[in-house]
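Visitor: Here is the input, now give the coordinates:
(one chain, ligands or ions: 1)
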Amino acid sequence: MKVTFLGTGTSQGIPIIGSEHPVCLSENPKDKRLRVSVLVEWDDYAYVVDCGPDFRQQMLNAECKRIDGIVFTHEHADHTMGLDDIRPFFFRQGDIPIYGHERVLTALAHRFDYIFQTKNKYPGAPSVVINEVKNKPFRLGNLDVVPIDGLHDKLQVFGFRFGKFAYLTDMKIVPDEEVAKLQDLDVLVVNALRESPHQSHFNLEEALDFIKKVKPKRAFLTHISHLLGFHDEVQQNLPENVFLAYDNLQITIDHEE
Ligand SMILES: [Zn+2]
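Guide: Numbers count the residues shown, from 1 in each chain. So this is what the prediction gives:
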């Protein structure tokens with residue numbers, strides 16, 4: 001299984017428009033972060049988790065020519081606003097499968113009514129195949145994917161376990177019965193916004209505590225704010241098996257059916 005970090009930044013991305021914060025001015029490519037998303041590929045399958053406003057650029061960066069579907073963690077703009085840019089995939093492949101909580105699908109249908117409309121459709125508008133995700137395993141390709149149910153402040157959010165890989169973003173609370181689904185992972189990805197506490201995201205300390213609880217072989221941090229600091233400096237102070245993710249990073253995970 002191959003995972004590509006398409007974006008690792010918090011909602012405004014890094015650099016923030018107009019910001020003169022030193023991290024926003026950094027020339028290190030690892031300090032430039034598009035909105036969070038990952039491409040997960042195994043066998044002949046390719047799924048994207050979330051498609052925020054940078055989706056088009058991310059698909060170009062990853063040279064992604066075909067996707068089997070998009071899986072949504074939640075409906076916030078930084079995770080969904082690129083949905084219009086499925087058009088090139090739609091023109092080539094037909095209706096694009098999307099997966100999400102019923103509430104997320106309703107929010108998408110409201111924002112992107114022209115995509116979900118079935119009658120009198122505008123000729124260039126893409127179409128999707130809607131798949132509701134409940135808190136139980138669902139099939140993607142030849143794999144059973146396990147949702148991990150958490151809270152982003154008061155909003156329900158899904159993380160997803162694909163075999164030995166799990167991707168959790170925008171988490172603040174993960175109940176113990178959900179943590180129990182994360183045993184024996186090769187790679188855990190989890191959000192770590194910044195050092196100071198935040199209402200709806202793990203800060204660095206909470207993310208590191210969560211990693212200690214889950215005990216994956218390796219962990220990668222994502223959904224990063226410029227306030228966390230320079231990539232290279234933050235990385236130096238992390239535990240041995242914990243890494244700051246950065247855009248375009250690719251990792252491989254042993255894939256078991
Ligand atoms: Zn977010």
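
Visitor: okay, CA-based contacts and neighbour counts for the rest of this
Guide: Fine.

Visitor: Show residues contacting the helix or strand hosting F210.
Guide: F210 belongs to helix 204-214 when assigned by DSSP states H and E. Residues from elsewhere that reach helix 204-214 (Cα atoms under 8 Å, 6 or more residues apart in numbering): 179, 182-183, 188, 190-196, 219, 221.

Visitor: Could I get the full set of strands for the stretch 101-250 of the chain?
Guide: 128-132, 138-140, 143-152, 155-162, 165-167, 187-191, 218-222, 242-244, 250-252 (DSSP state E, counting those that start in this stretch).

Visitor: elements contacting the second one?
Guide: Meaning strand 138-140. strand 143-152 (3 or more Cα pairs under 8 Å, 6 or more residues apart in numbering; DSSP states H and E).

Visitor: average model confidence for the strand it packs on?
Guide: Averaging pLDDT along strand 143-152 yields 97.

Visitor: what sits up against it?
Guide: 134-139, 156-163, 168, 170-175, 178-179, 181, 200-201, 257.

Visitor: how about 7 Å then?
Guide: The contact list for strand 143-152 (Cα atoms under 7 Å, 6 or more residues apart in numbering) reads 135-139, 156-162, 170-175, 178, 200-201, 257.

Visitor: likewise stretch 181-199?
Guide: 153, 164-171, 201-204, 207, 214, 216-225, 227-228, 253.

Visitor: Over to that stretch now: how far is its first residue from its last?
Guide: End-to-end distance for stretch 181-199, by Cα to Cα, to the nearest Å: 25 Å.

Visitor: List the buried residues in that stretch.
Guide: 181-182, 185-194 (16 or more other Cα atoms under 10 Å).

Visitor: swap in stretch 166-184?
Guide: Those would be 166-174, 181-182, for stretch 166-184 by 16+ other Cα under 10 Å.

Visitor: Switch those over to CSV; also include pLDDT and distance to G9.
Guide: As requested, the buried residues of stretch 166-184 are arranged in CSV below (pLDDT from 0 to 100; distance: Cα to Cα, whole Å):
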residue, pLDDT, distance to G9
A166, 98, 18
Y167, 98, 15
L168, 98, 14
T169, 98, 11
D170, 97, 11
M171, 98, 15
K172, 97, 17
I173, 96, 20
V174, 97, 21
K181, 98, 26
L182, 98, 24
